[in-house]
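Participant: A predicted structure for the sequence below; I have some questions about it.
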Amino acid sequence: MEHPGDPRAFLDALLVGIVMQIRRGGSRGCPFLNVAAEFPDEAHPGRHVARAHKEALGVRLAALCISMEVPQPERIAGQLVLLINGVYATSLSGSDADWARELANAADRLVGRAI
């Protein structure tokens with residue numbers, strides 16, 4: 001694991017990695033959100049996989065929040081998931097904003113205010 005003992009740096013690296021994945025080209029947003037949109041039946045196996053992935057992301061982010069001693073870690077983790085989903089959605093607009101900087105800035109403000 002990169003950044004052992006520094007969960008804040010790990011979170012920043014995770015967010016930068018997501019933006020780098022989007023910028024590699026050919027991105028059509030979050031593949032798990034896309035699966036959920038394409039298969040509206042809640043019982044569809046693809047929906048189960050998409051939901052499980054998003055829940056696992058929330059659990060990993062909550063663990064990071066706990067290690068940063070963030071109050072209400074599950075709530076803040078849920079808000080971080082919203083930010084991540086938002087950068088995926090915003091990337092579809094073709095905007096050339098500095099998503100990495102803005103996502104990291106928003107996450108930093110969110111976590112910083114919670115502490």
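Facilitator: Done, it's in.
Participant: how far away is the most centrally placed residue in the chain from residue 58?
Facilitator: Geometric centre of the chain, nearest residue: residue 84, 3.2 Å, by CA atoms, centre = their mean. Going from residue 84 to residue 58 by CB to CB, to the nearest Å gives 10 Å. Backbone N, C-alpha and C define where each C-beta goes, glycine included.
Participant: try residue 108
Facilitator: To residue 58, residue 108 is 19 Å away according to CB to CB.
Participant: burial of the residue lying closest to residue 12 once chain neighbours are set aside, as a residue count?
Facilitator: The shortest distance from residue 12 to any non-neighbouring residue, by CB to CB, 6 or more residues apart in numbering, is to residue 104 (5.5 Å). Using other CB atoms under 10 Å, residue 104 has 19 other residues around it.
Participant: name the element residue 104 belongs to?
Facilitator: For residue 104, the host element (DSSP states H and E) is helix 99-114.
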